[in-house]
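**Q** Sequence and predicted structure are below.
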Amino acid sequence: MANEFTAPEDTKLKAVAIHTPGANCRVAYTIYKLGEDAKNPEDGEMVAKLTVDHVYSGYHRSALMNSISLRKGERFSVVADISYVNKEGKLMHVRLANSGDKRSTKVVVNPGESFLMLDGEWTDLADVRGTDKIPAIEGDASKNEIYDVDNFPIKAFITDPLMP
């Protein structure tokens, strides 16, 4: 999964964050600077990689080893691969994080914000949300339910120009 961002001003990317849905998850982040004609979140220059293990589920912020300079208006992406080992010892990759509660969900996914790897190709989440093209969350496949999802919970933290 991946989110794309645009730098609001000349700044530095200092940290990334994501919500992990379970205990003992590994998150592998890859950060790309994207050109004007980039068509997917990996269509650019890879500028950083970071792998972090999280013992507990929840929202985790991780500092980059080196900050990444960004110019105003520059597009960049944060690609996150969340994995864990299931009870049978098989490595699993988390595709989506979703509560499964459809009773009061209102979501917005604008084109060019979140991307999902489907069949080896990046797909804009805005094009497939609310369809059966999104793989089921582990444990929900037997229910044959379709979930409407929001942007992925990937965040990017930049320096504040007003703070030292």
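**A** Sure thing, it's come through.

**Q** Can you pull the poorly scored residue ranges out of this protein?
**A** By pLDDT under 70, the low-scoring segments of the chain are 95-108, 129-151, 160-164.

**Q** mind listing what's buried in the longest strand anywhere in it?
**A** The residue-count maximum for a strand in the chain (DSSP state E) belongs to strand 58-70. Using 16 or more other C-beta atoms under 10 Å as the test for burial, strand 58-70 gives 60, 64, 68, 70. (Each C-beta comes from the backbone N, C-alpha and C, glycine too.)

**Q** Can you spell out which helices and strands pack onto that strand?
**A** strand 11-20, strand 25-34, strand 44-54, strand 155-158 (3 or more C-beta pairs under 8 Å, 6 or more residues apart in numbering; DSSP states H and E).

**Q** Recalculate using a threshold of 7 Å.
**A** strand 11-20, strand 44-54 (3 or more C-beta pairs under 7 Å, 6 or more residues apart in numbering; DSSP states H and E).
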